[in-house]
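Chemist: Could you look at this predicted model? Sequence included:
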Amino acid sequence: MKIILQNVCLLNPEQKLNQKNDLLIDNGIIKKIGSLSSEDKKDADVYDFSGKYCVPGLFDMHVHLREPGREDEETIITGSNAAAAGGFTEIACMPNTEPAIDSAEVVRFIKEQSKNHLVEVYPIGAATLARKGEALSPMYELFEAGVVGFSDDGVAIKTASILRHAMEYSKMFDLPIIEHCEDESLANGAMNEGINSTLLGLPPIPSVAEDLIVMRDIIMAEFTKAKIHIAHISTKNSVELVRQAKKKGIKITAEVTPHHFTLTDDSIKTFDTNFKMSPPLRTKKDIEAIIEGLADGTIDCIASDHAPHSIEEKEMEFIFAPNGIIGLETQLGLALTELVHKKYLTLEQLVTKLSINPRKILNLPVPLILEGEPANLTIIDPDVVWTVDVHKFKSKSKNSPFDKRLLTGKAIAVINKNKMFYEDQFIDISS
Amino acid sequence: MPLSSKHLLGLHGVPREDIQLILDTATTFREILDRPIKKVPTLQGKTIVNLFYENSTRTRISFELAQKRLSADTVNFSTSGSSTKKGETFKDTVRNIEAMKVDMIVVRHQSAGVPKFLTRITNAIIINAGDGLHEHPTQGLLDMYSIREKFGKLEGLNVCIVGDIAHSRVALSNIFGLKTMGANVSICGPTTMIPFGIESLGVKVYYNINEAISNNDVLNVLRIQLERNAGERIPSLREYHKYFGITAERLEKFNKDIVILHPGPINRGVELSSEVADGPYQIILDQVTNGVAVRMAVLYLLGTMH
Ligand SMILES: [Zn+2]
Ligand SMILES: [Zn+2]
């Protein structure tokens, strides 16, 4: 089947492409860009995307899919549906499943489950067996099975010694160690340490809990010459540490979540556990530093850290509630609203952080908008105003602090693997 | 004139008029406690659940007595530890209790915010009997009542809270309540026990107990909570007592009329020497009696609002 995207602005910073044009997709391949003949238009479904942008399919490199182990909260399929609805054509999933992604079987299982889905799922392998921080996972075998990075996410890699070995070993595949930066001995509280934790009487987590691990990992990356990726960076100091490390030529990259650039620990005042996350929400100063880091390139990409939890588990006493929020379906809207419309980032910069850099970090090819290339595309309407409604989400879980929030901009369609998701429907465009 | 809020979740933001009303009402109930028959029919027909997720014999008995003196029907539900461990969520427990048609819930819980959470999931009137490291408003009120009883006023008094401020729910309630009532509030303790940003509440911080004693009319001395990891924050109880303990010698050195409060139970020889704990400066047992009167006042004012 042929489809035509008409009057759409083609935007790919990787190709320095920014032009309004028509685009013909035939059997999943970009067949023609430019003025289309009546022959081209014959039997084609035409979508008029005036005022919309067509960008390389968005990539979320930090997603928790819960399968295997907690299929009641999310499955590979429901998570992938949420990803498509949020504008993502590809995602990487974290290994804190049960069992953890620490064997080739689990990697193969995940890939098998997602094989026929529009959204491509790339597993991230556990850095250590069962993420316990005691022994290395079979990293080589995991690499061969197709993982795109290694992480013990949920916790930091436990000791400097095992971190050293994981980093050294990962150099054989040129894949990054993705670190959840929180020092365990300092991070056993429920929210950021500050005036709000004092007023609310919740056990605090100091920002240095993060800074210390970022510092440790930078020093180790310099020593081993391995790649380190700082997941969900959240403190002013950490941003500065990454900036300095980059200046020194250390192979370091960093990501930030939408909640860490939009929310502060002020929001916890009602004790709503949808604001409980790890690392915790910080302060206005931290947000300012993060936005500066995004603008100057210190922070390479934006990732959701999509962390589904059942209502039963989230709706409980604050100190006992699990950390994390879902984010796939609000990520692009929040980034457009808070970063692009407020003029901190251009749309090009945002596409770089949501599509291009995540793939580069994970050694994956960046989709090109060129004749002959497979169509891996996201169509963005940057100006549509919409209200977040968790009940309309594709995700199995509803734990979002952004419910009822007004956002400007969202993805209206994604195209990948000869499939299209548009107006809440998966459309097979192969036949 | 009723209280401005349906629940008592804390003293943060509670207006002066409300506190005044509670303290004045408590004065009336305090008299009842000295009568031969200490019971009034005020809350007859009301059902109150004391939901205690954390051990606190003193607070529970004080609430229970207050409820009985007001002729309410009471049910006690005590357990400790996380509700999730037992496979039943806290929410289920509370919904079940509410289904039994209760009017008020007095709650003590190790997680800050649980009283607030209860206001979202039930229709009952909620009274916070201590949540995490957050607030313990009736303790704050009974402390204020006891100080007012002694000095005849709160305005202008210099009150210092001494000890592990960071791990205390009494401290915050005292700070909010006393400041609203016009007292000058300070705190004193080792640096490891002072919470982040406390000065921004307009509270002076002392790290030297002698300075705290010489500059204040009242010392509200907190219990060192060994069960809350105080051990990591101070080298030893012996050292704590040496540098922060209230001893007769220290008090006499400044030779002034100072009033000592303590929420109990006292670690004798740690925060207070035995001599001070039993001596002329302290009003610790008055606090216990006043606690019943203050809780009666709170139960009465909230329980008869509509
Ligand atoms: Zn993490
Ligand atoms: Zn994560």
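Modeler: Structure's in. What do you need? Numbers count the residues shown, from 1 in each chain, chains lettered A, B, ... in the order given. Ligands and ions are numbered 1, 2, ... in the order given.
Chemist: what helix or strand does the residue lying closest to residue A:50 once chain neighbours are set aside sit in?
Modeler: Computed as Cβ to Cβ, 6 or more residues apart in numbering or on different chains, the closest residue to residue A:50 that is not its neighbour in sequence is residue A:7, at 4.2 Å. Every C-beta, even on glycine, is put in place using the N, C-alpha and C of the backbone. For residue A:7, the enclosing helix or strand under DSSP states H and E is strand A:2-12.
Chemist: counting contacts, what elements does whatever helix or strand comes next after that strand pack onto?
Modeler: For strand A:2-12, the following helix or strand on the C-terminal side (DSSP H and E) is strand A:17-26. Counting contacts by 3 or more Cβ pairs under 8 Å, 6 or more residues apart in numbering or on different chains; DSSP states H and E, strand A:17-26 is packed against strand A:2-12, strand A:29-33.
Chemist: Out of these, which is the most enclosed?
Modeler: strand A:2-12 (a mean of 20; mean count of other Cβ atoms under 10 Å in any protein chain shown).
Chemist: Pairing partners for that strand, with directions?
Modeler: strand A:17-26 (antiparallel), strand A:44-48 (parallel), strand A:53-56 (parallel) (DSSP bridges).
Chemist: Contacts for it, please.
Modeler: A:17-26, A:31, A:33, A:36, A:40-41, A:43-50, A:52-56, A:347-348, A:351, A:368-369, A:377, A:379, A:415, A:420, A:429 (Cβ atoms under 8 Å, 6 or more residues apart in numbering or on different chains).
Chemist: Now which of those would you call buried?
Modeler: A:17, A:21-26, A:31, A:33, A:36, A:40, A:44, A:47, A:49, A:52-56, A:347-348, A:351, A:368-369, A:377, A:379, A:415, A:420, A:429 (16 or more other Cβ atoms under 10 Å in any protein chain shown).
Chemist: Run the chain-centre distance for the helix-or-strand element of chain A with minimal mean pLDDT.
Modeler: For chain A, the helix or strand with the lowest mean confidence is helix A:311-314, at a mean of 88 (criterion: mean pLDDT, DSSP states H and E). Relative to its chain's centre, helix A:311-314 lies at 23 Å (Cα atoms, centre = their mean, to the nearest Å).
Chemist: Same check on stretch A:53-72?
Modeler: 7 Å.
Chemist: What ranges does the chain have for its helices?
Modeler: I'll assume chain A. Applying DSSP state H to chain A gives helices spanning A:38-41, A:76-86, A:104-114, A:139-145, A:160-170, A:195-200, A:208-224, A:236-247, A:258-262, A:284-296, A:311-314, A:331-335, A:347-351, A:357-361.
Chemist: not quite, I wanted chain B
Modeler: Counting by DSSP H, the helices of chain B are B:16-32, B:57-69, B:90-99, B:114-121, B:137-151, B:169-180, B:209-214, B:230-233, B:237-244, B:248-254, B:274-277, B:284-303.
Chemist: And stretch A:178-190, what's buried?
Modeler: Applying 16+ other Cβ under 10 Å to stretch A:178-190 flags A:178, A:179, A:180, A:181, A:182, A:183, A:186, A:187, A:189, A:190 as buried.
Chemist: and these as CSV, adding pLDDT and distance to ligand 2?
Modeler: Converted to CSV, the buried residues of stretch A:178-190 look like this (pLDDT from 0 to 100; distance: Cβ to the ion, whole Å):
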residue, pLDDT, distance to ligand 2
A:178, 98, 9
A:179, 98, 11
A:180, 98, 6
A:181, 98, 11
A:182, 98, 11
A:183, 98, 17
A:186, 96, 19
A:187, 95, 14
A:189, 96, 18
A:190, 97, 17
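Chemist: Local confidence estimate at the residue of the stretch 301-431 of chain A found nearest ligand 1?
Modeler: In the stretch 301-431 of chain A, the residue found nearest to ligand 1 is residue A:305; the distance is 6.1 Å by Cβ to the ion. As predicted, residue A:305 sits at a pLDDT of 98.
Chemist: ditto for residue A:74
Modeler: Residue A:74 is given a pLDDT of 97.
Chemist: Over to residue B:34?
Modeler: 88.
Chemist: Ok, residue A:82 next?
Modeler: pLDDT, residue A:82: 98.
Chemist: What number of neighbouring residues does it come out with?
Modeler: Residue A:82: 28 surrounding residues under other Cβ atoms under 10 Å in any protein chain shown.
Chemist: Check residue B:76 too.
Modeler: 13.
Chemist: What residues are bridge-paired with it?
Modeler: residue B:50.
Chemist: From residue B:56, how far out is it?
Modeler: Going from residue B:76 to residue B:56 by Cβ to Cβ, to the nearest Å gives 12 Å.
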